[in-house]
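Colleague: build me a model:
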Amino acid sequence: MAITIQNHFVEDFKSDVIHLVQQEDSRIFSKQMNIRMETGEVHTFPRISRRGIDLVAKLGARTDTAFQDTIYSNRTVDLAQFNTADSVESHEMHRMLTDSSKQLPKEISAQVNRFKDKICYDALIGDANTVTGVTGSARTRATVTLPASQTVGKDVGAADSALTMRKLNNAKSIFEANEVIDEKLYLVTNAAGLEALREDVRATNHEYQSAAPLTTGDLGMLLGFEIVLYNFLDGSGESATPFKSVAFTNKALGLAMNPLVDVRVDERVDQQYMWQWYAELRLAAVRLEEEQVVVIEHLAAS
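Modeller: So this is what the prediction gives:
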């Protein structure tokens, strides 16, 4: 049976394909500073420790020099390979009444950007790898967990509480105690976290803020944190598994990646000449310094 569609409907559909709402851009990956291009399998980020406060008193002339050792360490990542693909048969492209070759790349690009953010978020809150020794070609590794001192618990301010200005202030205080005072700060949180903050008059009232968040709904900056919306936080927002928002600096992570994201579009002669879209990337991330990351636990706004 023939399918009849009015011409004006065809033209309108051709001019605009509706993409369902989604995060299209990179919101966490784009904030990172320590990005290294790596063509090998492993990348190591060398670190140098902070020195103490005391100097050695000189007690006389021509005495031996007293050395104070500087400690060197590292963080390491194993690059992993990831890919995604999709295909459309030629008859499907005709029935869609639009050129999907221009639409699918946009969807795949958005997916790749969300995945890069996921790699960064998981590295911020997860364990970091460090090399503790080398025997021949073998490396001895250890994992470093984010210490409890770098976490603002769900009960700060009130039991099982949502994201609050008090928790943000607590996180800010942790950074200050760690001497993180000149770095760019970001707060990654979800819609539930933003909802709770908008209910706090100190986050929205013009007497506290130079901007007018109640007019735009955009909190922008709070206590020096640039607010970043990310709706894929760890946790469910319940007491047993609270959301884990994360505050960090742009130097907190080390990322190693292949210089290029490999994207291919090919006609599959072995599959009745269907078109296939393929994207591949190699990427890994590791937390470089625990002092530059603070996890904030919170429940959904009540």
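
Colleague: quick check: closest non-adjacent residue to K172.
Modeller: Here the nearest residue to K172 in space, its sequence neighbours aside, is L223; by C-beta to C-beta, 6 or more residues apart in numbering that works out to 5.0 Å. Any C-beta I mention is one placed from the backbone N, CA and C, and that applies to glycine too.

Colleague: now the helices: where do they sit in this structure?
Modeller: For the chain, the helices defined by DSSP state H cover 7-15, 90-96, 104-125, 165-177, 191-198, 201-204, 213-216.

Colleague: quick one: buried residues of stretch 249-267?
Modeller: For stretch 249-267, a neighbour-count test (16 or more other C-beta atoms under 10 Å) marks T249, N250, A252, L253, G254, L255, A256, M257, N258, V261 as buried.

Colleague: output that stretch in PDB, but only the C-alpha positions, please.
Modeller: The C-alpha coordinates for stretch 249-267 follow below in PDB (Å, rounded to 0.1, in the frame of the first residue of the first chain):
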ATOM      1  CA  THR A 249      39.800  22.600  41.100                       C
ATOM      2  CA  ASN A 250      40.800  22.500  37.400                       C
ATOM      3  CA  LYS A 251      44.100  20.900  38.500                       C
ATOM      4  CA  ALA A 252      42.500  18.100  40.500                       C
ATOM      5  CA  LEU A 253      42.600  15.500  37.600                       C
ATOM      6  CA  GLY A 254      45.100  14.200  35.200                       C
ATOM      7  CA  LEU A 255      43.700  13.000  31.900                       C
ATOM      8  CA  ALA A 256      45.600  11.000  29.300                       C
ATOM      9  CA  MET A 257      44.000  10.500  25.900                       C
ATOM     10  CA  ASN A 258      44.700   9.600  22.300                       C
ATOM     11  CA  PRO A 259      45.100  12.800  20.300                       C
ATOM     12  CA  LEU A 260      42.100  12.100  18.100                       C
ATOM     13  CA  VAL A 261      38.600  10.800  18.500                       C
ATOM     14  CA  ASP A 262      38.300   8.400  15.600                       C
ATOM     15  CA  VAL A 263      35.000   8.900  13.800                       C
ATOM     16  CA  ARG A 264      34.100   6.900  10.700                       C
ATOM     17  CA  VAL A 265      31.100   6.800   8.300                       C
ATOM     18  CA  ASP A 266      31.000   3.900   5.900                       C
ATOM     19  CA  GLU A 267      28.700   2.200   3.500                       C
END
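
Colleague: quick one: mean pLDDT for it?
Modeller: Average pLDDT, stretch 249-267: 87.

Colleague: ok, now stretch 45-62?
Modeller: 89.

Colleague: centre of the chain to it, how far?
Modeller: Relative to its parent chain, stretch 45-62 has a centroid offset of 36 Å by C-alpha atoms, centre = their mean, to the nearest Å.

Colleague: which positions within it qualify as buried?
Modeller: The neighbour-count check on stretch 45-62 (16+ other C-beta under 10 Å) flags F45 as buried.

Colleague: quick one: contacts of it?
Modeller: With C-beta atoms under 8 Å, 6 or more residues apart in numbering as the test, stretch 45-62 has contacts from 34, 36, 66, 68, 70-77, 254, 286, 288-289.

Colleague: what of stretch 176-185?
Modeller: Under the criterion C-beta under 8 Å, 6+ apart, residues 31, 172, 175, 224-226, 247-251, 291-292 lie in contact with stretch 176-185.

Colleague: can you do 6 Å?
Modeller: Among residues not part of stretch 176-185, those counted as contacts by C-beta atoms under 6 Å, 6 or more residues apart in numbering are G224, F225, T249, N250, E291, Q292.

Colleague: between those residues, which is closest to V265?
Modeller: The nearest member of the contacts of stretch 176-185 to V265, counting by C-beta to C-beta, is N250 at 34.1 Å.

Colleague: phi, psi for that closest one please.
Modeller: Backbone geometry at N250, expressed as degrees, to the nearest 10, gives phi -80, psi 0.

Colleague: that one contacts M33, correct?
Modeller: Yes - counting by C-beta atoms under 6 Å, M33 is a contact partner of N250 at 4.5 Å.

Colleague: and stretch 280-300, which residues are buried?
Modeller: Residues 280-300 are the ones in stretch 280-300 that count as buried (16+ other C-beta under 10 Å).
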